[in-house]
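Trainee: please find the sequence and the predicted model below.
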Amino acid sequence: MTIDFYYMDISPPVRAVNLCLAALNLEVNKKEINLFNRENLEPAFIQLNPQHTIPTIVDDGFVLWDSHAINAYLVSKYAKDDSLYPKDIQKRATIDQRLHFEGSVLFTHGVRCFLPLFFGLSKTIPDDQRNQTDQYYEMVDKFLEGKPWIAGDQMTIADFSYISTLSGLTQIFPSVEKYKNICTYMELCKQNMKDYDSANQQGVDKYVGILKNILQSE
Ligand SMILES: N[C@@H](CCC(=O)N[C@@H](CS)C(=O)NCC(=O)O)C(=O)O
């Protein structure tokens, strides 16, 4: 039975799942949900996911949303080994901490800055929001101190979440250049993640293109 995957490639959490699917060599049945046309608010989709967010999957009748939960599920169910989400309690706890930070702090910062632009409510990012970015870069840079990957010595599902958010955020807020660990890390992800271009870069290019057009139109 093929997994149904509700997606739109500009979305960072969708791209995090794209990267995980690629790593696992999993084929899915892709069903695009156009957020600009509010397709996520249609009754059939809300019936599936009352939070009306993408990514959402349906695996043999089992419905799941939230990219972090989806990637943990996909690895637990379909990976040949546990390297992307180790069962070791402390390794997994660090990955979970990184995932919660990404979901509640880093991605949320992007949503606060960019959502008003995407939905035509603003053409600028207020300075106070813009200026908060460095504080988050500084934290992520410290997570990476002495370790190549975001949760330690090996690539895990946390990396799919960080690169999907950072690859867009850093193009809009280029002060990341000051944070050498993040710059090295982003290159490592590009070089080592399977199908990086189709799974992440193409969606990032669209996402950043839309945002830059709006910001330049001011
Ligand atoms: N924590 C969620 C965030 C999902 C999310 O907010 N997705 C956005 C697109 S980037 C969405 O579907 N927004 C539509 C809505 O909130 O109605 C995840 O990691 O999947």
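Mentor: Now that the structure is in, tell me what you want to look at.

Trainee: how deep is residue 211 tucked in, by neighbour count?
Mentor: Around residue 211 sit 20 other residues, with neighbours defined as other C-beta atoms under 10 Å. No exception for glycine: its C-beta is placed from N, CA and C like everyone else's.

Trainee: now do the contacts for it.
Mentor: With contacts taken as C-beta atoms under 8 Å, 6 or more residues apart in numbering, residue 211 has the following neighbours: 114, 117-118, 168, 172.

Trainee: can you put the residues you listed in TSV and add secondary structure, distance to the ligand and neighbour count?
Mentor: Formatted as TSV, these follow (DSSP: H, G, I helix; E, B strand; the rest coil; distance: C-beta to the nearest ligand atom, whole Å; neighbours: other C-beta atoms under 10 Å):
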residue	secondary structure	distance to the ligand	neighbour count
114	helix	9	22
117	helix	13	20
118	helix	9	16
168	helix	10	25
172	helix	15	18
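
Trainee: just the helices in this protein please.
Mentor: Using DSSP state H, the helices of the chain run over residues 12-24, 43-48, 67-78, 89-101, 107-118, 127-143, 157-172, 180-192, 196, 202-216.

Trainee: wait, does the third one contact the ligand?
Mentor: Yep, that's helix 67-78 we're talking about. Yes: with C-beta under 6 Å from any ligand atom as the threshold, helix 67-78 lies in contact with the ligand, specifically through 67-68.
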